[in-house]
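# Prediction below, plus the sequence it came from.
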Amino acid sequence: MTFVYLMKNQNQLKKELVEQHVEHLKQLKKEGRLILCGPFGDYPGGMVVFSAQDKEEADRIAQSDPFVSSGCKTYELRTMEIADEANNYLL
């Protein structure tokens, strides 16, 4: 299943925390879970799109992100259906 966690900034980020977040993303990539991630340009936060077996696992992954576990960002978890050429954009 595909999930997205949307993060909202709560506190100012320090360089060390950003580095820990990047390591979290690299680990997701290494596991073949990371699909897309990045900060928003018009909103104080960002998102991570990733795969997980179920909502419980997806929650654990989001909560293990250093941005979230430190309290610097809150998050909302959503399931996502990817629309693309392979599925005719869910037509």
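Happy to help now that I have it. Numbering: from 1, shown residues only.

# Report the beta-bridge partners for L36.
V49 (DSSP bridges).

# So K73 sits against L6, correct?
No - if you go by C-beta atoms under 8 Å, K73 and L6 don't touch, sitting 9.6 Å apart. All C-beta spots, glycine's among them, are computed from the backbone N, C-alpha and C.

# Compare those two and say which is more crowded by neighbours.
K73 (23 against 18; other C-beta atoms under 10 Å).

# do you know how far the more buried one is from G45?
The gap separating K73 from G45 is 6 Å, by C-beta to C-beta, to the nearest Å.

# Let me see the mean pLDDT of the longest helix anywhere in the chain.
Of all segments of type helix in the chain, defined using DSSP state H, the longest is helix 15-30. Mean pLDDT, helix 15-30: 98.

# Only the C-alpha atoms, please, for that helix, written as CSV.
What follows is helix 15-30, C-alpha atoms only, in CSV (Å, rounded to 0.1, in the frame of the first residue of the first chain):
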residue,chain,number,x,y,z
LYS,A,15,21.1,21.0,11.3
GLU,A,16,21.7,17.8,13.3
LEU,A,17,18.0,17.0,13.2
VAL,A,18,17.8,17.6,9.4
GLU,A,19,20.8,15.2,9.0
GLN,A,20,18.9,12.6,11.1
HIS,A,21,15.8,13.0,8.9
VAL,A,22,17.9,12.6,5.7
GLU,A,23,19.3,9.3,7.2
HIS,A,24,15.7,8.2,7.8
LEU,A,25,14.8,8.9,4.2
LYS,A,26,18.0,7.1,2.9
GLN,A,27,17.0,4.1,5.0
LEU,A,28,13.5,4.1,3.5
LYS,A,29,15.1,4.3,0.0
LYS,A,30,17.4,1.4,0.8
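
# Give me the distance from it to the chain's centre.
Distance, stretch centre to chain centre, for helix 15-30: 11 Å (C-alpha atoms, centre = their mean, to the nearest Å).
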